[in-house]
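> below: sequence and its predicted model.
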Amino acid sequence: MDRLLHLDRSLDELDPPRWTPPDADATHLVRKVHELRRVPLSELGPADLRTLLSQQVALPYVLPLAVSLLLDEPLLDAYFHEGDMLLAAVSAPASAWALLPDLGARLRAVITTLPEAAVADLPRGAAEELARFVARPESLR
């Protein structure tokens with residue numbers, strides 16, 4: 001199934017069950033993620049996608065959207081710093097990437113073309129995280 005065909009629908013519609021409203025004392029992040037699940041996919045911006053990726057929410061739907069942006073601009077500054085969405089994407093569990101092998105392969109190819117200086121400018125540990133993603137054994141992809 002092409003998960004990008006459902007851009008007019010929300011994660012609550014595509015990734016059941018619908019989430020109940022967050023508790024009154026929920027953190028800002030929890031409230032934000034709940035809110036983002038009700039937004040049509042076509043209206044999610046880079047910062048929204050980075051938030052959902054980092055919280056590992058509905059990855060079969062969120063990863064394709066994020067990767068479509070990352071293929072054009074791998075070091076996209078979604079919210080915090082240059083490359084923050086890329087780092088959130090490569091941190092997704094192998095099980096999520098296993099559902100999207102072609103996208104994973106395309107993203108790995110893009111990562112291997114990043115200039116060494118650009119990778120060196122990313123936060124501490126980023127180069128190692130990118131290298132782990134690129135080198136992930138085929139059985140874990």
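Happy to help now that I have it. Quick caveat, the model's predicted, so the values are computed rather than measured.

> and the helix ranked longest in the chain, what's buried?
In the chain, with assignment by DSSP state H, the single longest helix is helix 59-72. Across helix 59-72, burial judged by 16 or more other C-beta atoms under 10 Å covers 59, 61-67, 69-70. All C-beta atoms are positioned from the backbone trio N, CA, C, and that covers glycine.

> also stretch 90-101?
So for stretch 90-101, counting by 16+ other C-beta under 10 Å, buried means 90, 92, 96-97, 100.

> contacts for that stretch, please.
Residues from elsewhere that reach stretch 90-101 (C-beta atoms under 8 Å, 6 or more residues apart in numbering): 53-54, 56, 59-60, 63-64, 67, 103-104, 107, 111, 129-130, 132-133, 136, 140-141.

> quick one, strands of the chain?
For the chain, no strands are identified by DSSP state E.

> tell me where it has helices.
Under DSSP H, the chain gives helices at 11-14, 28-36, 46-54, 59-72, 84-90, 94-98, 101-112, 116-120, 126-135.

> centre of the chain versus the last one, how much separation?
Distance of helix 126-135 from its chain centroid, counting by C-alpha atoms, centre = their mean, to the nearest Å, is 15 Å.

> now the terminal residues of stretch 84-100, how far apart.
Terminal residues of stretch 84-100 lie 20 Å apart, using C-alpha to C-alpha, to the nearest Å.

> now do it, average pLDDT.
The average pLDDT within stretch 84-100 is 96.

> chain center to it, what's the gap?
Taking mean C-alpha positions (C-alpha atoms, centre = their mean), stretch 84-100 and its chain are 6 Å apart.

> stretch 12-32 too?
With C-alpha atoms, centre = their mean, you get 18 Å for stretch 12-32.

> over to stretch 67-75?
11 Å.

> no more questions from me, cheers.
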